[in-house]
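Asker: Sharing a model prediction with you, sequence too.
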Amino acid sequence: MRFGSDRPQEELRLPQRENCSASLNLRVAGCNHLFCVLSSEDRERISLHLESVHLEAQQILYDADQCIEWAYFPLNCVVSLLTVMEAGAVIEVATVGREGIVGLPILLGVNQVPGRAMVQIPGEALRLPAEILRAEIEQRGLLYHQLQRYAQALFDQVTQLAACDRLHSIEQRLCRWLLMTQDRVGEGQFPLTQASLAQMLGVRRATVSVIAGRLQRSNLICYRRGQMEILDRSGLEGVVCECYGKIRCQQLFISTDDSMNQSVSALG
């Protein structure tokens with residue numbers, strides 16, 4: 001089974017911008033879990049500053065020590081948060097999809113970060129100027145409290161993945177990555193290369209090929225022409241480790257009524 005050829009990583013590229021009305025932004029903003037619990041008034045106010053963008057695979061949203069000018073709210077794409085070593089090796093420490101935001105350091109008053117944010121699965125996103133997000137944070141409203149909850153969920157993800165990488169098999173980790181990606185894009189099929197998946201897992205490409213081939217022969221996945229398709233989600237859930245369930249519960253809680261009620265209580 002062949003996943004597709006490697007592509008050289010491109011330099012930083014600006015996202016393709018689409019001219020879209022505030023009403024469109026208001027409608028699609030609800031696809032991101034951080035917005036879905038906001039009041040219509042909050043969403044309408046923020047939507048005036050949102051821009052709709054299409055993000056390409058391997059696109060770098062910000063790099064190490066680069067000033068963060070935009071906050072990105074994925075709708076159906078997946079962004080990898082990477083640690084870059086001095087020798088050039090990179091390793092994924094977390095992923096962000098429609099449950100969160102790329103640019104969370106803004107919440108902490110930080111303008112630069114030591115890592116890299118790179119698009120792993122292409123798709124649509126909304127972006128907000130960093131200065132607008134800072135102004136929203138200063139208001140200490142619902143968005144601020146949702147960002148706080150997401151910050152905790154992201155921290156939990158990082159620590160859970162650290163344990164997962166140490167204790168669980170590559171096959172379990174690969175299944176976790178596929179299931180988490182399906183959750184983020186909302187579909188069972190998405191573009192993916194063997195090289196990208198190997199890089200995200202920190203393993204050899206040949207190892208990924210062997211494991212993916214075994215999953216395909218078991219009719220759990222299908223890979224053709226650079227497209228990964230999940231055929232049997234329950235089957236993958238039977239292989240995956242406990243880490244997937246723990247991370248998913250944290251992400252789902254961000255968009256629940258309980259999360260919103262706790263945020264409202266914090267305001268009161």
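Answerer: The structure has been received and is ready for your questions.

Asker: what's around the closest residue to Leu81 other than its chain neighbours, how many residues?
Answerer: Of all residues not flanking Leu81 in the chain, Ala94 sits nearest, at 4.5 Å (Cβ to Cβ, 6 or more residues apart in numbering). For the C-beta atoms, the positions are set from N, CA and C on the backbone; glycine is no exception. Neighbourhood size, Ala94 [other Cβ atoms under 10 Å]: 23.

Asker: swap in Gln199?
Answerer: Applying other Cβ under 10 Å, we find 22 residues neighbouring Gln199.

Asker: What of Ala151?
Answerer: Residues contacting Ala151 under the criterion other Cβ under 10 Å number 16.

Asker: Then the one 4 residues further on?
Answerer: Neighbourhood size, Phe155 [other Cβ under 10 Å]: 13.

Asker: Repeat that for Leu201.
Answerer: A count of neighbours around Leu201, defined by other Cβ under 10 Å, yields 19.

Asker: How about His168?
Answerer: Neighbours of His168 under the rule other Cβ under 10 Å: 17.

Asker: Kindly list the main-chain dihedrals of it?
Answerer: phi -110, psi 160 (degrees, to the nearest 10).

Asker: what helix or strand is the residue nearest to Leu81 on?
Answerer: strand 90-96 (DSSP states H and E).

Asker: now do Asp156
Answerer: helix 142-167.

Asker: that older thread, tell me the buried residues in the strand holding Ala94?
Answerer: Residues of strand 90-96 classed as buried under the neighbour-count rule (16 or more other Cβ atoms under 10 Å) are Val90, Glu92, Val93, Ala94, Thr95, Val96.

Asker: Mind putting those into CSV with distance to Asp232 and pLDDT?
Answerer: Formatted as CSV, the buried residues of strand 90-96 follow (distance: Cβ to Cβ, whole Å; pLDDT from 0 to 100):
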residue, distance to Asp232, pLDDT
Val90, 31, 89
Glu92, 25, 94
Val93, 29, 95
Ala94, 26, 96
Thr95, 22, 96
Val96, 26, 97
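
Asker: Let me have these in JSON lines, extended by distance to His49.
Answerer: Converted to JSON lines, the buried residues of strand 90-96 look like this (distance: Cβ to Cβ, whole Å):
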{"residue": "Val90", "distance to His49": "32"}
{"residue": "Glu92", "distance to His49": "30"}
{"residue": "Val93", "distance to His49": "29"}
{"residue": "Ala94", "distance to His49": "26"}
{"residue": "Thr95", "distance to His49": "26"}
{"residue": "Val96", "distance to His49": "20"}
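
Asker: Specify which member of these is nearest to Gln152.
Answerer: Relative to Gln152, the closest of these is Ala94; by Cβ to Cβ it sits at 12.8 Å.
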